[in-house]
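[1] how does the following fold in three dimensions:
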Amino acid sequence: MKAAQVRGMTDDQLSDELVKLKKEQFNLRFQAASGQLENTARVRQIRRDIARIQTIARERPAGEAVAAVSKPKPTAEAKAPKEPKAKAPKATKTKAEPRAKPKAKVKKAKE
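    Next comes the predicted model:
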């Protein structure tokens, strides 16, 4: 399914197609688990089609809101130049002293 086809669909058609694809994805997962899946590439196609539909559906309301509240871009004069930050001196790593090995326990012989 091409993005142009998805963009041409209405919201109702998108939701119907999404439900259909999710059912097919569910069936393909079971076929794969039972070893009956012949076309493994279909799993990838379905997953991408679902993502494509969800993305375009999410873009629609956001696109309308952005167009209604568009802000003018700030000019170069409005931006103040940033001053470079002072760099902190790098911390040097010191080699840790080796740990002292614990003394071996000496068993006292009973007399």
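[2] so how far is Lys108 from the spatially most central residue of the chain?
    With distances taken as CA atoms, centre = their mean, Ala51 lies nearest the centre of the chain, 12.3 Å away. Separation of Ala51 from Lys108 (CB to CB, to the nearest Å): 73 Å. From N, CA and C alone the C-beta is placed, and that goes for glycine too.
[3] in what helix or strand does Val38 lie?
    That one is not Val; residue 38 is Glu. Counting by DSSP states H and E, no helix or strand carries Glu38.
[4] ok, it - how many residues close by?
    By the measure other CB atoms under 10 Å, the count of residues near Glu38 is 6.
[5] what's the answer for Asp49, then?
    Neighbours around Asp49, by other CB under 10 Å: 19.
[6] what is the longest helix along the chain packed up against?
    Counting by DSSP state H, the longest helix found in the chain is helix 41-68. Helices and strands touching helix 41-68, as assessed by 3 or more CB pairs under 8 Å, 6 or more residues apart in numbering; DSSP states H and E, comprise helix 3-7, helix 11-34.
[7] pLDDT (mean, whole number) over the last one?
    Throughout helix 11-34, pLDDT has a mean value of 94.
[8] now do the same contact list for Ile53.
    For Ile53, the contact set (CB atoms under 8 Å, 6 or more residues apart in numbering) comprises 6, 14, 17-18, 21.
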